[in-house]
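Below: sequence and its predicted model.
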Protein chains: 2
Amino acid sequence: MTIKFCNQCGHEVKYLIPQGDDKPRAVCQSCYTIQYENPKVVNACIIEHKGKILLGKRTIEPRSGFWNIPAGFMENGESTRTGAIREVKEEVLADLKNITLFGVYNIIQRNQVHVYFRAELAHENFGAGAETSDAKLFAPEDIPWDQIAFPVGITALKRYIREMPSGEFSIKEEDIIIDYELLKQYDLKS
Amino acid sequence: MTIKFCNQCGHEVKYLIPQGDDKPRAVCQSCYTIQYENPKVVNACIIEHKGKILLGKRTIEPRSGFWNIPAGFMENGESTRTGAIREVKEEVLADLKNITLFGVYNIIQRNQVHVYFRAELAHENFGAGAETSDAKLFAPEDIPWDQIAFPVGITALKRYIREMPSGEFSIKEEDIIIDYELLKQYDLKS
């Protein structure tokens, strides 16, 4: 969303390159406050339980009705790890143990950085939570790949499953490329 | 900075918990746009050249005059990796090779996530760039620890140097705790 007004004084902004900067910013024409726009962090966690993966079915757009690795926007006042733990608790009502870093995925076209963790269920209680209609453990061979909500989830999950047999998980930083032509073809909104 | 006005229509906002949410957000009282506030990403890179580490001396607050690992806020349209490469080029005029993920550091008290990379100099040309008065290669034993700008840099650099002899670098996600009492004691601003 393009910024139109100053969130400090309510006057109009103009996109200008401030002195000492090299990018256009929303600069207030009255109080000269600059509103910066930066990428957002999404935290996510791949959850394993006895060789199966816990997924939640989304009830909100984008990709309502698709299965997803629990994930969500990081809030002020939390760490990437506590953010992932909170999202898991909210969406699939699960508690985790052995949570550890799994990957950093850049989605440049969305101005997002997804920080992925992996963990195990701390106990067998889980269920459909906020913005979720179903929560289910999938054996790797039963994962409905064409029903997974987002490319970043598919990329992360495929590596996880590839590395599962060895028990040796790598930690990778990768770019996720969104194929807009493919999205158009399937008439998808995201 | 607390948000006072809507950046879409210029009317006043109130901090309210929107329906289906559980945190107060800046909600416009006229058009009901919500302005979310989220943590920011800082990208950084530890640069090695023939067993020495390249640091830049800051000329801007906070911590002007202190040595720093090249780092800066991530911009829209870049990845964590290209962000780190850009900051290195801007601050110490250096080009990199073999850049790879090193760590994710949460600074909860600052609402920041620092994504650290490690790399080698692609060639021996470097120098003081933007917001930097000096750029210098330090042997591990010569690093002026009490002149390093930020705790996150000290934490990352100490692990790097610990792991250097083996050539086997780990990738860690860790929390950085800012000791406000210590900052007061030294009369530091950050």
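Received, thanks.

does the residue of chain A most remote from its centre sit in a helix, a strand or a coil?
Farthest-out residue of chain A from its mean C-alpha position, per C-alpha atoms, centre = their mean: A:S30, at 36.7 Å. What DSSP: H, G, I helix; E, B strand; the rest coil gives for A:S30 is coil.

doesn't A:H11 make contact with it?
Yes: proximity of A:S30 to A:H11 meets the contact threshold set by C-beta atoms under 8 Å, at 3.6 Å. To be clear about C-beta, it is placed using only N, CA and C from the backbone, and glycine gets the same treatment.

Just give the number of residues close to A:A84.
For A:A84, the tally of surrounding residues (other C-beta atoms under 10 Å in any protein chain shown) stands at 31.

And the pLDDT at it?
Looking at A:A84, its pLDDT reads 98.

ok, the residue nearest to the spatial centre of chain A - contacts?
Closest to where the C-alpha atoms of chain A average out (C-alpha atoms, centre = their mean) is A:V42, at 3.7 Å. Applying C-beta atoms under 8 Å, 6 or more residues apart in numbering or on different chains to A:V42 gives the contacts A:71-74, A:112-115.

Wait, a helix at it?
No: the assignment for A:V42, made by three-state DSSP, is strand rather than a helix.

still on that earlier bit, and the contacts of A:V42, which are buried?
A:71-72, A:74, A:112-115 (16 or more other C-beta atoms under 10 Å in any protein chain shown).

hmm, who's touching stretch A:25-40?
Applying C-beta under 8 Å, 6+ apart, the contact partners of stretch A:25-40 are A:3, A:6-9, A:11-18, A:73-74, A:111-113, B:1, B:7, B:38, B:40-41, B:73-76, B:78.

re the thing from before, and the buried ones among the contacts of A:V42 as a markdown table, adding distance to A:H49?
As requested, the buried ones among the contacts of A:V42 are exported to a markdown table (distance: C-beta to C-beta, whole Å):
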| residue | distance to A:H49 |
| --- | --- |
| A:A71 | 18 |
| A:G72 | 21 |
| A:M74 | 25 |
| A:Q112 | 28 |
| A:V113 | 27 |
| A:H114 | 22 |
| A:V115 | 22 |
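
Can you list which of these are found in strands?
Using DSSP state E, the subset of the buried ones among the contacts of A:V42 located in strands is A:71-72, A:112-115.

Farthest-apart pair in those residues, please.
A:G72 and A:V113 (13.3 Å; C-beta to C-beta).

for chain A, longest strand please?
Every strand in chain A considered (DSSP E), the longest is strand A:96-107.

Tell me the strands beside that one, with direction?
strand A:112-121 (antiparallel), strand A:172-175 (parallel) (DSSP bridges).

Please work out which of the ones you listed is packed deepest.
Counting by mean count of other C-beta atoms under 10 Å in any protein chain shown, strand A:112-121 has the highest mean neighbour count of the strands paired with strand A:96-107, with a mean of 23.

Quick check: mean pLDDT of the helix or strand following that strand?
Going down the chain from strand A:112-121, the next helix or strand is strand A:132-138, by DSSP states H and E. The pLDDT scores in strand A:132-138 average 98.

does any bit of strand A:132-138 sit next to chain B?
No: using C-beta under 8 Å from any C-beta of the partner chain, strand A:132-138 never reaches chain B; the gap is at least 12.9 Å.

Report the distance from the longest strand of chain A to the chain centre.
The chain centroid and the centroid of strand A:96-107 are separated by 11 Å under C-alpha atoms, centre = their mean, to the nearest Å.

buried set for it?
Residues of strand A:96-107 classed as buried: A:96, A:99, A:101-107 (neighbour count, 16+ other C-beta under 10 Å).
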